[in-house]
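A.B. asks: got a structure for you, letters missing:
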């Protein structure tokens with residue numbers, strides 16, 4: 001974290017409430033997806049859900065890249081970072 005952000009007190013800057021909320025949402029989403037997959041008896045429906053999940057993941061990555069590049073500021077542009085940012 002020190003190489004990526006140049007700060008020593010990174011742990012103090014982390015919003016743990018938001019972090020654990022996000023992790024909780026992901027865990028619930030995965031559990032719900034597994035349960036729905038268990039309930040679906042059709043392989044076609046499972047394949048459609050799998051494709052929708054994959055497309056959603058790719059679109060989320062693209063959305064985050066676009067938002068981070070348009071939000072302004074030097075620290076938000078992914079391609080303007082120094083090499084330690086990518087190693088860390």
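C.D. replies: Thanks, I have it. Quantities reported herein were computed from a predicted structural model and do not represent experimental measurements.
A.B. asks: which stretches of this structure form helices?
C.D. replies: Using DSSP state H, the helices of the chain run over residues 2-5, 10-13, 16-39, 43-70, 83-87.
A.B. asks: most tightly surrounded among those?
C.D. replies: helix 2-5 (a mean of 12; mean count of other C-beta atoms under 10 Å). Heads up, the C-betas are built off the backbone N, CA and C, glycines and all.
A.B. asks: As JSON lines, the helices of the chain with mean pLDDT would be great.
C.D. replies: As requested, these are exported to JSON lines (pLDDT from 0 to 100):
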{"stretch": "helix 2-5", "mean pLDDT": "61"}
{"stretch": "helix 10-13", "mean pLDDT": "73"}
{"stretch": "helix 16-39", "mean pLDDT": "91"}
{"stretch": "helix 43-70", "mean pLDDT": "87"}
{"stretch": "helix 83-87", "mean pLDDT": "72"}
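A.B. asks: quick one: stretch 56-76 to chain centroid distance?
C.D. replies: From the chain centre to the centre of stretch 56-76 is a distance of 11 Å (C-alpha atoms, centre = their mean, to the nearest Å).
A.B. asks: quick one: contacts for residue 37?
C.D. replies: Contact analysis of residue 37 by C-beta atoms under 8 Å, 6 or more residues apart in numbering lists 46, 49.
A.B. asks: Now do it against residue 52, distance only.
C.D. replies: According to C-beta to C-beta, to the nearest Å, residue 37 and residue 52 sit 12 Å apart.
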